[in-house]
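Colleague: I need the structure of the sequence given here:
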Amino acid sequence: MITSTAKQLPAGRAAPSAAEVFHARYASRLPASLEKLVGPRHRVVELPVQTS
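Modeller: Numbers count the residues shown, from 1 in each chain. Now for the predicted structure:
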């Protein structure tokens, strides 16, 4: 017997898109505005190749 661990969606509701899932997951980790973003001000920050 195969069982699913996925949560059931309410009737008539489509599954959320990947963008909606990522937004919900990471929204609380981001500042409300760029002015509230903190980080190094006087150093060079090396980003991974895939982000630069």
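Colleague: For the chain, which segments count as helices?
Modeller: In the chain, helices defined by DSSP state H lie at 18-26, listed in chain order.
Colleague: so where's it uncertain?
Modeller: Scanning the chain for pLDDT under 70 picks out the ranges 1-11, 52.
Colleague: Count residues in the vicinity of the residue lying closest to L37 once chain neighbours are set aside, would you?
Modeller: With C-beta to C-beta, 6 or more residues apart in numbering as the criterion, L37 has its nearest non-adjacent residue at 5.0 Å, and that residue is P31. Just so you know, the C-beta spots here come from the backbone N, C-alpha and C atoms, and that holds for glycine as well. Residues lying near P31 (other C-beta atoms under 10 Å) number 9.
Colleague: Quick check: phi and psi on P31?
Modeller: With angles defined as degrees, to the nearest 10, P31 sits at phi -70, psi 160.
Colleague: Now do it against L47, distance only.
Modeller: 18 Å (C-beta to C-beta, to the nearest Å).
Colleague: And G12, by the same measure?
Modeller: 43 Å.
Colleague: now do K36
Modeller: Distance from K36 to L47, by C-beta to C-beta: 21 Å.
Colleague: Next up, the contacts around A14.
Modeller: Residues near A14 by C-beta atoms under 8 Å, 6 or more residues apart in numbering: none.
Colleague: Report the separation between it and L37.
Modeller: Between A14 and L37 the distance is 34 Å, computed by C-beta to C-beta.
Colleague: same question, Q50
Modeller: Distance, Q50 to L37, by C-beta to C-beta: 21 Å.
Colleague: what does H23 give?
Modeller: According to C-beta to C-beta, H23 and L37 sit 18 Å apart.
Colleague: Between the two, tell me which one has more neighbours.
Modeller: A direct count of neighbours by other C-beta under 10 Å for H23 and L37 places H23 higher, at 12 against 9.
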